[in-house]
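>>> sequence first, then the predicted structure:
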Amino acid sequence: MKEPHKYRDLEPERIEELFSNYLLENWSYSKVDSFARNEKAFEMSYIYRQRGRSSASEVSGSAYHLALKHYFRQLMDGVIVDLAELQTIAFEYIDDVEPTKWKIQKTTPSIEQCKLKANKLTTTLLNNFLSEINIYTSDLKEIIGVELRIDEFLTINGVDIPLPCHGIIDLPIKTNDNKIVIIDHKSKASFTDEKDLKFSIGKQAITYVKLFEAKTGLKVDEVWFVENKNSENRDKSAQLSCFKMSLTDDTRRLYEALLYEPLKRMLEAISNPDYIYLINESDNYVDKAEIYEFWALTMIAEVGDFSIPASKKDLIAKRLKKVRDVSIATVSPDVIRRFRAGASEFIQYDLTNKNMTEQEKIEHTLRTLGIIVKVQHIFKGYSSETFLLEVSAGTNISSVFRYKLDIAAALNVASIRIGKDLFVHEGKSYLAIESSKTRDSILLYDEKYLKGDKIPLGIDNFENVIYWDTANPSTPHALICGSTGSGKSVCIINILEYAKLLKYDKIVICDPKFEFVKYAKNSKISVYNNILEIEEAMAEMVEEMNELVKNGGKRKTLVIFDEFADAVMSSRSGRELDTYATVEVGLKTKTVKGEKLKSLEENLKMLLQKGRSSGYRIIAATQRASVKVITGDAKVNFPVQICFKVPKEVDSKVVIDEAGAESLSGKGDGLIKSPDYNGIVRFQAFYKPN
């Protein structure tokens, strides 16, 4: 049963009024600890949501936690997970860290080296964990939960705290002697001294205990902090150390009192819009240059420049204005800007703060990594920019590909695309780098772009219109792939609208997700939604095509098959395609097996292979880049391959045979591979408002 709390049961209006007095919506141990250690770092991270970059060891620690979360969740179901499976989970997490989130240091001067170090450290941690798993399991009777996320109002040191506490409990368990234990995983470069642990860890322990007890009603007997040391002990001793903290009434009171003092000070600070957060110059846990850069930013930036929740924007905007007005009264904006530029000089290799052009950032980044290049041309498109690099003689061009993420970090984007082939411009070959940009205009659909039987798809960064030439025998069919929000459906709509102008004899839309039902009103457009209707329509088209081929006829027909991969997977197969007929044998009737129907996939393949000569043009679109459907054989039938943004590199490779679509910006930013173009071309698709 939960202990009484005067704020927990307030009416929603009163709760909202209460929260409006604070710059934060909750508190946590990490926030209290950050405030006690360095108030300015707390302000940067938690009030303005300006997160610092993460070192390889910090990323490794997060990957390790994620892998352990998977291990213990599987263990709850009686499944033992091996090292390879844990490594896969951890490595995927490391690979997904955005380039702008890595902290470049002297020992790891490139993002590739950051990743290598993070992978190496994580492998060591996971090996240690599995080798010494008995530290967890020798006294384990039951796993109560894994990574429990809890938000509760708490009473600390006898005081009802007016904000809920947020926390994640790594591993609550029940031991063989029925003790309730909270286990916290920690990855370390060296073990923490036990004398320091007794007091320093108490505040964290009591926070977790109070949260867990408020949520579950179970009383916690002990808290274990299991440290995993990522550097090998010379004496080959254990790499895991378990510090067990017993919770008596006296220790509970002591730890609550220790926690209450910094918590009270933090609450006073975040409820006072005039509070001045001080910088702790002796704090070795934060990058002082980042802190001073943040301080300067608060002097000249607006609230919209920070990732602040909508509920807190007005409150923080008032604080920001007041702080800035007071500071500018004594320090001019020019001085602050010069100070900011000076502070940024101390942030190693972080070019996002430098007063450099994008061209200079690319050149500087590669030069620091021993690669001499010169950006000779820059072309700005609707959603991306293309930089043409002249690579110095004697430089191995493939080495540039190794540092894609470092270039992305310098340009402050999630990722970049480097063309696999050299790009020829004005008779000279260059290495092309493409970077997403903030879109400042929309490329609208316009009938003027239609050229004969060439259907306009969009415009590339060199202001060329990109076409699907439906009259070219080499480009009869197109494959389109893209995840939700990528622009796939908008592209199909544009093609449909242009196709209507080309006066096709017949347009057929197979639409299992009901996205194109509005076109059913058009007498020349047939729309099929039910999977059985789609199968029958495809079979009928194959019959019509066979008749046309037999008689040497031609009929201008456009077939649009949206989400064809899902449709093929859910269509009938095997015995479901058997047909039966009732026949009379003498005075009796019997059921006999008839001719087997062809599957949806078989009929689609026949239409693709034989239909081109009789006037059929087919677009097959899908969200899922499934190798089960988009096989090498299937792609032979789609000479034109269009890929919008997809989740992973492997998806891009399935569709266009190379990476790149995972780095697109969405909303019509696409890549096309076609016999009509040399290599893969990036373009912005047209948009037609409803």
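Perfect, thanks for sending it. Remember, it's a predicted structure, so these values are computed and weren't measured experimentally. Numbering: from 1, shown residues only.
>>> which element, helix or strand, includes the nearest residue to residue 258 once chain neighbours are set aside?
Leaving out its chain neighbours, the residue that sits closest to residue 258 by C-beta to C-beta, 6 or more residues apart in numbering is residue 203, at 5.3 Å. Placement of C-beta: from N, CA and C, glycine included. Assigned by DSSP states H and E, residue 203 belongs to helix 202-216.
>>> now do that helix: distance to the chain's middle.
Centroid separation for helix 202-216 versus its chain: 32 Å, with C-alpha atoms, centre = their mean, to the nearest Å.
>>> kindly report the same for stretch 514-521.
Offset of stretch 514-521 from its chain centre (C-alpha atoms, centre = their mean): 32 Å.
>>> and it, what's its mean pLDDT?
Across stretch 514-521, the average pLDDT comes to 88.
>>> with stretch 161-171 instead?
Taken as a whole, stretch 161-171 carries a mean pLDDT of 96.
>>> equivalent analysis for stretch 503-511, please.
Confidence for stretch 503-511, expressed as mean pLDDT, is 92.
>>> likewise stretch 89-103?
Mean pLDDT, stretch 89-103: 90.
>>> who touches that stretch?
Here stretch 89-103 makes contact (C-beta atoms under 8 Å, 6 or more residues apart in numbering) with 51-56, 58-60, 62-64, 66-67, 70, 111, 114-115, 118-119, 122, 126, 287, 352, 405-406, 408-409, 412-415.
>>> phi, psi for the residue nearest in space to the middle of the chain please.
For the chain, residue 96 is the residue whose C-alpha lies nearest the centre (C-alpha atoms, centre = their mean; 6.9 Å). For residue 96, the backbone dihedrals (degrees, to the nearest 10) come out as phi -90, psi -10.
>>> look up how far residue 405 lies from it.
12 Å (C-beta to C-beta, to the nearest Å).
>>> please apply the same query to residue 44.
Here residue 44 is placed at a distance of 24 Å from residue 405 (C-beta to C-beta).
>>> more neighbours: the two, which one.
For residue 44 versus residue 405, the count of surrounding residues by other C-beta atoms under 10 Å is larger for residue 44: 25 against 22.
>>> just the residues contacting the helix or strand encompassing residue 508, thanks.
Applying DSSP H and E as the criterion places residue 508 in strand 506-510. Identification of contacts with strand 506-510 by C-beta under 8 Å, 6+ apart yields 496, 499-500, 516, 519, 522, 524-528, 534, 537-538, 541, 555-562, 564, 567.
>>> with stretch 7-20 instead?
2, 25, 153, 160-163, 311, 315.
>>> export these as CSV, with columns for distance to residue 40 and neighbour count.
Output for the contacts of stretch 7-20, formatted as CSV (distance: C-beta to C-beta, whole Å; neighbours: other C-beta atoms under 10 Å):
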residue, distance to residue 40, neighbour count
2, 36, 12
25, 21, 13
153, 28, 20
160, 29, 14
161, 24, 21
162, 24, 18
163, 21, 22
311, 24, 11
315, 19, 19
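>>> out of the residues you listed, the closest to residue 610 would be?
Set against residue 610, the nearest of the contacts of stretch 7-20 by C-beta to C-beta is residue 311 (60.7 Å).
>>> for the closest one, give its distance to residue 268.
For residue 311 relative to residue 268 (C-beta to C-beta), the value is 21 Å.
>>> low-scoring stretches of the stretch 151-300 of the chain, by residue?
For the stretch 151-300 of the chain, the stretches with pLDDT under 70 are 196, 198-199.
>>> thinking again about what came up before, if you count contacts, what does the helix holding residue 203 end up packed against?
In terms of contacts (3 or more C-beta pairs under 8 Å, 6 or more residues apart in numbering; DSSP states H and E), helix 202-216 is packed against helix 29-37, strand 148-152, strand 165-169, strand 180-188, strand 222-229, helix 249-270.
>>> got the angle for that helix vs helix 249-270?
90 degrees (axes from the mean of the first three to the mean of the last three C-alpha atoms, to 10 degrees).
>>> quote the end-to-end distance of stretch 511-520.
11 Å (C-alpha to C-alpha, to the nearest Å).
>>> name the residues that touch it?
489, 492-493, 496, 507, 509, 525-529, 531, 534, 560, 562-563, 566-567, 570.
>>> same question, stretch 165-178
26-29, 65, 68, 72, 136, 139-154, 180-185, 207-208, 210-212, 216, 220.
>>> which residues touch residue 441?
Counting by C-beta under 8 Å, 6+ apart, residue 441 touches residue 382.
>>> and it, helix, strand or coil?
The local conformation at residue 441, judged by DSSP: H, G, I helix; E, B strand; the rest coil, is coil.
>>> next SSE downstream of the least confident helix or strand in the chain by mean pLDDT?
Using mean pLDDT, DSSP states H and E, the weakest-scoring helix or strand in the chain turns out to be helix 333-344, at a mean of 54. Next in sequence after helix 333-344, counting helices and strands by DSSP H and E, comes helix 358-368.
>>> for stretch 376-389, buried residues please.
377, 379, 381-389 (16 or more other C-beta atoms under 10 Å).
>>> need the max-distance pair from those.
Farthest pair in these (C-beta to C-beta) is 382 and 389. Separation: 21.9 Å.
>>> how many residues are close by residue 414?
17.
>>> show me what contacts it?
98-100, 408, 436, 663.
>>> distance of it relative to residue 153?
As for residue 414, its distance to residue 153 is 38 Å (criterion: C-beta to C-beta).
>>> ditto for residue 446
Noted for residue 446: a distance of 58 Å to residue 153, by C-beta to C-beta.
>>> same question for residue 56.
On the measure of C-beta to C-beta, residue 56 and residue 153 end up 38 Å apart.
>>> helix, strand or coil for residue 40?
With three-state DSSP as the basis, residue 40 sits in helix.
>>> excluding residues flanking it in the chain, which one is nearest it?
residue 279 (4.2 Å).
>>> and what about that neighbour, helix, strand or coil?
Under three-state DSSP, the three-state class of residue 279 is coil.
>>> may I see the buried residues of the host helix or strand of residue 174?
Following DSSP H and E, one finds residue 174 within strand 171-175. Within strand 171-175, the residues scored as buried using 16+ other C-beta under 10 Å are 171-175.
>>> appreciated, that's everything.
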